[in-house]
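Q: coords below, sequence missing:
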């Protein structure tokens, strides 16, 4: 579900996303979607380059 990823990137709390998607807050499914966002947010090469 792309919506969960976009919502998390926009700052929506995980508990709200999980409730909307009918997942438990610690569900591996919802955590998989938000981990994708964290991977880009915490990218070491983010500010490297021209």
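A: Yep, that arrived. As the structure is a prediction and not an experimental result, all values here were calculated from the model. Residues are numbered from 1 along each chain as shown.

Q: Can you list the buried residues in the longest helix seen in the chain?
A: In the chain, with assignment by DSSP state H, the single longest helix is helix 28-41. Across helix 28-41, burial judged by 16 or more other C-beta atoms under 10 Å covers 30, 33-34, 37. The C-beta positions use only the backbone N, C-alpha and C, and glycine is treated the same way.

Q: next one: stretch 11-25
A: 14, 17-18, 23.

Q: Show me what the mean pLDDT comes to for that stretch.
A: Taken as a whole, stretch 11-25 has a mean pLDDT of 91.

Q: The chain should start at 9 in everything you say after this.
A: Got it, first residue is 9 now, which makes that one stretch 19-33.

Q: Now the terminal residues of it, how far apart.
A: In stretch 19-33, first residue to last residue: 16 Å (C-alpha to C-alpha, to the nearest Å).

Q: ok, residues contacting that stretch?
A: For stretch 19-33, contacts defined as C-beta atoms under 8 Å, 6 or more residues apart in numbering pick out 9, 11-12, 15-16, 35, 37-39, 41-42.

Q: Who's the closest spatial neighbour of the most centrally placed residue in the chain, skipping the chain neighbours?
A: The centroid of the chain falls nearest to residue 42 when counting by C-alpha atoms, centre = their mean (2.1 Å). For residue 42, ignoring the flanking residues on the chain, the nearest one in space by C-beta to C-beta, 6 or more residues apart in numbering is residue 16 at 4.4 Å.

Q: Neighbours of that neighbour, how many?
A: 21 (other C-beta atoms under 10 Å).

Q: was I right about it contacting residue 45?
A: Yes - Residue 16 lies in contact with residue 45 (C-beta atoms under 8 Å); the separation is 5.0 Å.

Q: show me the contacts for residue 41.
A: Applying C-beta under 8 Å, 6+ apart, the residues contacting residue 41 are 9, 12-13, 16, 25.
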